[in-house]
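Engineer: Pasting the sequence and the predicted model now:
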Amino acid sequence: MAVLKIRLKELREKKGISQYKLASDLGVSQSTVGMWESGNNRPEAATLAALADYFEVSVDYLLGRQPPSTLDRKLEGVDFALYGEVHDLSDEEKQDILDYIRFKKAQRKP
């Protein structure tokens with residue numbers, strides 16, 4: 001479950017929330033979230049499912065069994081620059097953003 005602790009922290013930071021906020025939203029203590037992120041404890045199956053729903057990823061992704069989608073990987077830098085605003089867009093909206101970025105790059109004068 002080494003991947004889980006990394007993914008949880010990455011997803012939480014990507015969403016721009018604190019351990020306290022995540023804990024509050026899930027109904028657990030901040031120390032519990034800290035233990036998950038340090039690898040000292042593991043969430044139960046039901047909590048793992050709640051985490052997946054919360055971050056809009058699959059349990060397989062949290063456990064390291066599935067990579068992020070190609071679109072998500074392409075937009076990681078954009079998501080960071082927009083303070084996490086990209087994560088809750090549909091794939092179609094994400095593709096529109098990617099297309100617009102490519103359009104703007106193509107407009108550059110050589």
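Structural biologist: Good, I have the coordinates. Numbers count the residues shown, from 1 in each chain.

Engineer: SS state for residue 28?
Structural biologist: Following DSSP: H, G, I helix; E, B strand; the rest coil, the label given to residue 28 is coil.

Engineer: Wait, it touches residue 44, no?
Structural biologist: No: at 10.2 Å, residue 28 does not count as touching residue 44 under the criterion of Cβ atoms under 8 Å. Glycine gets a C-beta too; all of them are placed from N, C-alpha and C.

Engineer: quick one, which of the two is more surrounded?
Structural biologist: A side-by-side neighbour count of residue 28 and residue 44, using other Cβ atoms under 10 Å, places residue 28 first with 16 against 8.

Engineer: residues in contact with that one?
Structural biologist: Applying Cβ atoms under 8 Å, 6 or more residues apart in numbering to residue 28 gives the contacts residue 47.

Engineer: Phi, psi for it please.
Structural biologist: Main-chain torsions, residue 28, degrees, to the nearest 10: phi -120, psi 170.

Engineer: ok, now which ones touch residue 19?
Structural biologist: Contacts of residue 19 (Cβ under 8 Å, 6+ apart): 12, 30, 33-34, 37.

Engineer: and stretch 33-46, how far from the chain's centre?
Structural biologist: 17 Å (Cα atoms, centre = their mean, to the nearest Å).
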